[in-house]
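>>> what follows is a predicted structure for the sequence shown.
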Amino acid sequence: MTAPPNIVVVLSDEHTPAATGCYGHPTVRTPNIDRLAAVGTLYESAYCASPMCVPSRLSLLSGRYVHDIGAWDNGVLPDPSVRSWGDHLRAAGYESVLAGRTHFNGADRLWGFDRRLSDDLEHWVDHSGRPPRRVPEWQRRTNSHVAETGVGEHPNTRHDETVTDLVVDYLTSRAQDGGERPFLLYVGYMQPHFPLVAAPEFAAWYDPSTVVLPPTRGAAPEDQHPVIAQLRRSFRNDEPLTDEQQRVATARYWALVSQLDHHVGRILDVIDESPLRDNTVIVYTSDHGEMLGHHGVWQKQCFYEPAVTVPLLVRTPAQARGAAAPARVAGDVSQVDLLPTLRGLAGLPADASLPGRDLLGATVEPRPVISEYHAQGMLDAGFMLKRGRYKYCAYVGHPPQLFDVVADPEERQDLAGDAAHAQVLAELDAQLRWHLDPDAVDHRAKADQRARAAAVGAQ
């Protein structure tokens, strides 16, 4: 019987796949992520379960949808009854190890894993469960996430360097002693999440004057869907930004992507230059994307492609040895598919309670993917169902949106009111409602957020 492989999962923060060489960007330098893609499997159309950090990560680590586990916002604490990757793979004899940014909250810093090499930066961990204020008047304090950029040192940079050092030490030790148990190692990075402060050596790679800005950046909020207009007001993305500011911010973001890629390279080197290459699966992904000014939006919190798509790369030992061919998968996949894939790698049977499927299984049939958002900037629940070329966005209390992302990749033309697409709209709405009741889920989310606000005395 073949021993199960070691598994290393690298999770960055806020990396839109379009800002990666292997996903086609002509400027952004990601040589190490690209070399992973060159011999592994690249998923061209991968989606997060929520375009927000904590909900996305809790969904990712549990293999279950946000509405299924009550992971509504960045303040929520994990439900201790929900099983994580570590819980699942323990049944196959794995040692499960966390390193760096997990961005889940509360005093339990393991959530089913065996141990940690390092933790989140403390100010990112909420121990109170405080929910966001989902009211029309709420606004982010500033739009510093785009207007304030820089070149130099930052705590995020030091965090990621420390994480890489610890991971390299761990992998080196495992390569030398072998160990009796296979390991699952989760590696969490801060970058390229804002603040957009990049190290000088990487900032020097990108001249802001050469940045090509998205043509939709000048969209006026009053001309946009009311949900997008409210989102922009809430995060102060309706405040005027010059093209120069946006070019500098984009260049700094690209530099942070390249900094991240450097850390990925150090991990690949220690694996590929040791016996680990022949028995270690490597996964690279991110918790969500970054809008970078598309439709006038920075950060995420919406269902446009730059926010809700993620890079997803998997390299098996057979691919590393050249015994299996590299691949590109065009069909839609979800990050809830990662846990069934990890279970398959570990030799565990399929778990019928999980909504995802093993991406490395014999047959991966096309199917819709779902994302959702229940936090600040969106007053009522929002849901996305993506099926092939069509994306359906349903908003409680507001009209839906429908996009053909093949014919209209910039998502400029909302087809929801087009009679020629009425049948598609109805089909996608029915598929979404087969999975969930939007109004009922919205009611649950708000009830939970009200209860948590009362518990901490929040207004």
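All right, it came through fine.

>>> can you give me the strands for the stretch 351-459 of the chain?
Taking DSSP state E, counting those that start in this stretch, the strands of the stretch 351-459 of the chain run over residues 369-373, 382-387, 390-395, 398-404.

>>> who's in contact with the last one?
Read that as strand 398-404. Strand 398-404 has contacts (C-beta atoms under 8 Å, 6 or more residues apart in numbering) with 225-227, 303, 380, 389-395, 411, 413-418, 421, 424-425, 428-429. C-beta here means a position set from N, CA and C on the backbone, and glycine is covered the same way.

>>> check the first one too.
The set of residues that contact strand 369-373 without belonging to it, under C-beta under 8 Å, 6+ apart, is 47-52, 55, 65-67, 301-303, 308, 332-334, 381-387, 432, 435-436, 441.

>>> returning to that earlier point: which ones among the contacts of strand 398-404 map onto helices?
Among the contacts of strand 398-404, DSSP state H puts 226, 227, 424, 425, 428, 429 in helices.

>>> nearest to residue 112, of the strands of the stretch 351-459 of the chain?
strand 369-373 (23.2 Å; C-beta to C-beta).

>>> what angle sits between that closest one and strand 382-387?
In terms of direction (axes from the mean of the first three to the mean of the last three C-alpha atoms, to 10 degrees), strand 369-373 departs from strand 382-387 by 170 degrees.

>>> orientation of strand 369-373 relative to strand 390-395 in degrees?
Between strand 369-373 and strand 390-395, the angle comes out at 30 degrees (the same axes, to 10 degrees).

>>> just how off-centre is strand 369-373 within its chain?
12 Å (C-alpha atoms, centre = their mean, to the nearest Å).

>>> check stretch 406-425 too.
For stretch 406-425 - counting by C-alpha atoms, centre = their mean - the centre lies 26 Å from the chain centre.

>>> name the surrounding residues that touch that stretch.
Counting by C-beta under 8 Å, 6+ apart, 214-216, 225, 294-295, 304-305, 389-392, 399-405 sit against stretch 406-425.

>>> in that stretch, what's buried?
By 16 or more other C-beta atoms under 10 Å, the buried positions in stretch 406-425 come out as 411, 414, 415, 416, 424, 425.

>>> please apply the same query to stretch 257-272.
257-268, 270-271.

>>> my guess is residue 331 contacts residue 45. True?
Yes - taking contacts as C-beta atoms under 8 Å, residue 331 lies within contact range of residue 45: 6.5 Å.

>>> those two: which is more packed in?
Using other C-beta atoms under 10 Å as the criterion, residue 331 and residue 45 rank with residue 45 on top: 18 against 14.

>>> nearest approach to residue 73 belongs to which of the strands of the stretch 351-459 of the chain?
Closest to residue 73 of these is strand 369-373 (C-beta to C-beta; 9.2 Å).

>>> I'd guessed residue 239 sits against residue 143; true?
Yes - using C-beta under 8 Å, residue 239 is in contact with residue 143, at 5.4 Å.

>>> which one's more surrounded, these two?
residue 143 (20 against 13).

>>> look up the closest residue to the more buried one, ignoring the ones flanking it.
Distances taken as C-beta to C-beta, 6 or more residues apart in numbering place residue 236 nearest to residue 143, at 3.9 Å, with adjacent residues excluded.

>>> what packs against whichever strand or helix holds residue 67?
Following DSSP states H and E, one finds residue 67 within helix 66-69. Under the contact criterion of 3 or more C-beta pairs under 8 Å, 6 or more residues apart in numbering; DSSP states H and E, helix 66-69 touches helix 53-62, helix 438-456.

>>> need the contact list for the closest residue to residue 354 other than its chain neighbours.
Once flanking residues are discounted, residue 354 sits nearest to residue 63: 4.8 Å by C-beta to C-beta, 6+ apart. By C-beta under 8 Å, 6+ apart, residue 63 lies in contact with 85, 88, 336, 338, 339, 340, 354, 355, 356.

>>> mind checking pLDDT for the fifth one?
Among the per-residue scores, residue 339 holds a pLDDT of 98.

>>> can you give me the distance of it to residue 136?
For residue 339, the distance to residue 136 equals 37 Å [C-beta to C-beta, to the nearest Å].

>>> all helices for this protein, in order.
31-39, 53-62, 66-69, 85-90, 144-147, 155-177, 200-203, 226-234, 243-272, 305-308, 317-321, 338-345, 422-435, 438-456.

>>> could you export those as a markdown table, including distance to residue 97?
A markdown table is the format used below for the helices of the chain (distance: least, C-beta to C-beta, whole Å):
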| stretch | distance to residue 97 |
| --- | --- |
| helix 31-39 | 20 |
| helix 53-62 | 13 |
| helix 66-69 | 23 |
| helix 85-90 | 9 |
| helix 144-147 | 31 |
| helix 155-177 | 7 |
| helix 200-203 | 28 |
| helix 226-234 | 37 |
| helix 243-272 | 13 |
| helix 305-308 | 29 |
| helix 317-321 | 19 |
| helix 338-345 | 14 |
| helix 422-435 | 33 |
| helix 438-456 | 31 |
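
>>> quick check: the residue lying closest to residue 389 once chain neighbours are set aside vs residue 16, distance?
Distances taken as C-beta to C-beta, 6+ apart place residue 406 nearest to residue 389, at 4.1 Å, with adjacent residues excluded. Look at residue 406 and residue 16: by C-beta to C-beta, they are 19 Å apart.

>>> what about the stretch 101-250 of the chain, any weak spots by pLDDT?
The model of the stretch 101-250 of the chain has no residue with pLDDT under 70.
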